[in-house]
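J.: Have a look; sequence and predicted model below, questions after that.
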Amino acid sequence: MSNNARVVASGGNRPKPPSIRKSPPSFAWLGVLPFLVFVVLFLFLPSLSLFVGGFQDAKGNFTLENIRGLFTPFILNAYWVTIKISFTTAVMGGIVGFFLAYALVAGGVPNWVRSSLMTFCGVASNFAGVPLAQAFIFTLGRVGLLTVFLKEALNIDLYGQGFNLYSFWGLSVTYLYFQLPLMVLIITPPIEGLRREWREAAENLGATPSQYWWHIGIPVLMPSLLGSMILLFGNAFGAYATALSLTGGLINLVTILIGSQIKGDVLHNPNLGYALAFGMVVVMAVIMSIYYALRRRSEYWLKQ
Amino acid sequence: MSFLVLEDISKVFPTAVGVEKFDLSVERGEFISFLGPSGCGKTTTLRMVAGFESPTTGRIILNGEDITDRPPNQRNVGMVFQSYALFPNMTVAQNIGFGLKIRKEPESAIKQRVAEMLALIHLEQKGNSFPHQLSGGQQQRVALARALAIRPQVLLLDEPLSALDAKIRVSLRAEIRAIQRQLGITAIYVTHDQEEALSISDRIVVMHEGKIEQVGTPFEIYNFPTTRFVANFVGSLNTAEVEVMDPSAGIVAMNGIRLTSASDLKEKRKGDKVMIAIRPERIGFIAEGEKENVFDGKVENITFLGSVVRIQLRVGGTVFNMDTFNRPSLQLPQTGDTVRVTCSSKAVLVLSE
Ligand SMILES: Nc1ncnc2c1ncn2[C@@H]1O[C@H](COP(=O)(O)OP(=O)(O)OP(=O)(O)O)[C@@H](O)[C@H]1O
Ligand SMILES: [Mg+2]
C-alpha cells in the first residue's frame, strides 16, 4: 500500500529515464531515403502538377472551367463506363480467379504443373496493350479464328447472337484475360494459408464442406478477397492501351479521353486532361475508402 | 462387446505403411494413450477413428455400430488438435457453440451449453474474446470445450499439449484427466511423452513402426515391459543380451556374470540367447551378506538429476545406468572407481523379443 502511495505522489514529476549514456544517433532512416525520394518525384509531384493543372487554363491562370467541364454528360458517361467495366471485370475476375486458385491449391496437382501455371499467370497478368488487343482480334474478332471455327464447325454464330468484341462485353472479356491470372496470382497464398485443421475441426463438429466455407473459409479470406479485387479494379481502371487498340475510341473510357485531350490533334485541351486525371484520383480515393471500411469490418476479429 | 473396437486395422500409404494389424478394444469411460516415437502411426490411427483417413483393411466399431465408412461429420467423435485449430473469426463462445449451431440446436440451449463448457474449463470471463487474444493453454482448453460441447461418444486428442511449455503441460494434463473423469467420457490420447502417458492413462498402447508393441496399464508397461522396444522407450531400462544357463532355475550369464531372473524361462533351452532388462533404480550398492546377482562395474559418469543421482557403470561390454536417491548421507564413488552392485532376481526381466 505504502509503495503504491509513493508512486502516486511522485506521479507529478516524471522520473528521468535511467539511461545516462546517450545511445548513438540512429541512421536507420537513411535506408528509406531512396524510397521517399522516389515517392516525392514520381508520385507526389506528378499528382500535384495534375491537381494544379486541373485548375489552370491554357495560359496558366486559375479557373474552375476544367472542373466544371467534367460534369458534362459525355464525360460523366465516360467515368460511369470506366467504373462499370472496372467493377465488372474486378468482380468477375475476382470470383472466377478465386475458384481457379482454389482448384489449384485443393486439386492436388503435381508441383511442377502448379509452378508452371503460376509462372504462366505471372506472364499473362502482364499481357496487355496492343499485343493483347491484336491477339483477341485474331481469335474473337469478326473473322477471328475462334469465331470462324465456331461458325463453320459448330454452327454457332457469335456475332449473330449479339456478341461483339468491340463492345463493353468484348472489352470486359479482353480485360479478364489479365484480370483472371492476376487474381490467381494474388489470392493463392491466402488460400494456402487456410489451415487444414480448421476444415477438419469443422467437419469433426458436424459441418459439411459448404458449411465450413460459409462459416470459416470465406470469412477468413474476406479481407484478402476484398484487397485482391480492389487491385483488379485499379488495374482495369487505369488500363489504356488495350482499350484504345481494341476499340479505337468506340468505347468511351476516361483514360482514352485523357489521351485525346493531352496529345490529340482535334481535341487538344491538356488542362481538361489534367482535370480528368484528377477526377480519376478522386474516384480511386473514394473506392479505397469504401474498401478500407469493408476491410475493417471483415477483419472484425483482429481488431479488439 | 467393448465400446470402441478397432479390428485388424491397417493403413497403407502410397509411400509408406502407416499402421499394421492394429487390434484394440476400448471400454466405455476408459482413458487410453497411444505412445510411441515420431512416425509410428499414432496420428494415423487416431485420424481413422475420426474419419479423416479410411483404413485399408479392418473395421471400426463404436457402440455396436460399424462406423468404418461413415464420413467424419457424422461420427460424433470430438477431436482436439495439436495446433488448437480454433476458428480465428469466431469468439470463444462461438467456437464452443459451433457444433451445436451446425446441429441446429435452439439458441437458448446453445447459450446454456456454452456457459456450462466455459465453467468446465474455468474461462467464464473469456466468452467474448477472440482466439488470438488467448494464451496457448487457454486456446487448448477452448478447443477441448468445443470438442466436448457436442457430447461426443469418444474424445480424441492428438498431442494436445506438445505446443505448450512444461509447467502448463503438467497442469493442463491433470485438468484434461479430471474433466474426462468427471464426464465419464471415453478418450484416446496421443503422445510421444512417456511420462505424460504414464501419468494420465488407464491403459497405454505402445506403438512402434505402425504396430502395437504392448498394451497395458501404466504399472504393467513400466514394470513389466514385454519387448525390448518398450523396455527402452518407457523409462530408460538397461538391456543386455544374455545366455540361458539353467532355464528351470532362471539362471543366465551376461559376459560371464551369473544372474538369476524371476521371469519365466521354461520355454527356453540352455544356450539360448535372450534379452534381459533391468530398471536403473533396481540396481543398488551391495549390502551386507548379499550373494545373488552381484556384479562389478566401473564408474564412467555421475549425473545429478535432482532427487536422483544417475551413475553410469561399465559392466563387461555393456553400459548400465544405476539410479540412487540423492540423500545427504550418500557416499558417492569417483569416476574410474570400480563398485560392487546388485539387484534382486525380480528386477531381472526377460523380454519376449
Ligand atoms: N498422408 C500421408 N501420406 C503418406 N504417408 C503418410 C501420410 N500420413 C502419414 N504417413 C506416414 O505414416 C507413418 C505414420 O505417420 P503418423 O503421422 O501416424 O505418425 P505419428 O506417430 O503420429 O508421428 P508424430 O509423433 O511425428 O506425430 C509415417 O511413416 C508417415 O510418414
Ligand atoms: Mg502425430
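T.: Nice, thanks for sending it over. Ligands and ions are numbered 1, 2, ... in the order given.
J.: And the strands in the stretch 251-353 of chain B?
T.: Applying DSSP state E, counting those that start in this stretch to the stretch 251-353 of chain B gives strands spanning B:251-254, B:257-260, B:273-278, B:284-285, B:294-305, B:308-315, B:318-325, B:338-342, B:349-350.
J.: now swap in the stretch 1-150 of chain B and tell me
T.: Per DSSP E, counting those that start in this stretch, the stretch 1-150 of chain B carries strands over the ranges B:4-12, B:17-26, B:31-35, B:57-62, B:65-66, B:77-80.
J.: closest to B:Thr338 out of the ones you listed?
T.: Nearest to B:Thr338 among the strands of the stretch 1-150 of chain B is strand B:31-35; the distance by C-beta to C-beta comes to 37.3 Å. The way it works is simple: take the backbone N, C-alpha and C, and place the C-beta from them, glycine included.
J.: Let me know how buried whatever residue of the stretch 251-353 of chain B ends up closest to chain A is, in neighbour terms.
T.: Using C-beta to the nearest C-beta, the point where the stretch 251-353 of chain B gets nearest to chain A is B:Gly306, with a distance of 36.0 Å. B:Gly306 is surrounded by 6 other residues when neighbours are defined as other C-beta atoms under 10 Å in any protein chain shown.
J.: Quick check: phi and psi on it?
T.: Main-chain dihedrals, B:Gly306, degrees, to the nearest 10: phi 80, psi -110.
J.: any idea how far B:Thr303 is from the nearest residue to it once chain neighbours are set aside?
T.: Distance criterion C-beta to C-beta, 6 or more residues apart in numbering or on different chains; nearest residue to B:Gly306, sequence neighbours excluded, is B:Asn326 at 7.1 Å. Note on B:Asn326: its distance to B:Thr303, by C-beta to C-beta, to the nearest Å, is 11 Å.
J.: so what's in contact with the two at the same time?
T.: B:Val309 (C-beta atoms under 8 Å, 6 or more residues apart in numbering or on different chains).
J.: quick one, which of those two is more surrounded?
T.: The residue with more neighbours, out of B:Asn326 and B:Thr303 and counting by other C-beta under 10 Å, is B:Asn326; that gives 14 against 11.
J.: how about stretch B:69-88 as PDB, C-alpha atoms only?
T.: Once non-C-alpha atoms are left out, stretch B:69-88 reads as follows in PDB (Å, rounded to 0.1, in the frame of the first residue of the first chain):
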ATOM      1  CA  ASP B  69     -17.200 -45.900 -43.800                       C
ATOM      2  CA  ARG B  70     -19.100 -43.100 -42.100                       C
ATOM      3  CA  PRO B  71     -17.900 -39.500 -43.100                       C
ATOM      4  CA  PRO B  72     -16.200 -37.500 -40.300                       C
ATOM      5  CA  ASN B  73     -19.100 -35.100 -39.900                       C
ATOM      6  CA  GLN B  74     -21.500 -37.900 -39.000                       C
ATOM      7  CA  ARG B  75     -19.400 -39.700 -36.400                       C
ATOM      8  CA  ASN B  76     -19.900 -37.600 -33.300                       C
ATOM      9  CA  VAL B  77     -16.400 -38.000 -32.000                       C
ATOM     10  CA  GLY B  78     -14.700 -34.900 -30.600                       C
ATOM     11  CA  MET B  79     -11.200 -34.100 -31.800                       C
ATOM     12  CA  VAL B  80      -8.600 -31.900 -30.200                       C
ATOM     13  CA  PHE B  81      -5.700 -30.900 -32.400                       C
ATOM     14  CA  GLN B  82      -2.100 -30.200 -31.500                       C
ATOM     15  CA  SER B  83      -2.300 -26.800 -33.000                       C
ATOM     16  CA  TYR B  84      -5.700 -26.000 -31.300                       C
ATOM     17  CA  ALA B  85      -7.300 -25.200 -34.600                       C
ATOM     18  CA  LEU B  86      -9.700 -22.700 -33.200                       C
ATOM     19  CA  PHE B  87     -11.700 -20.700 -35.800                       C
ATOM     20  CA  PRO B  88      -9.900 -17.300 -35.800                       C
END
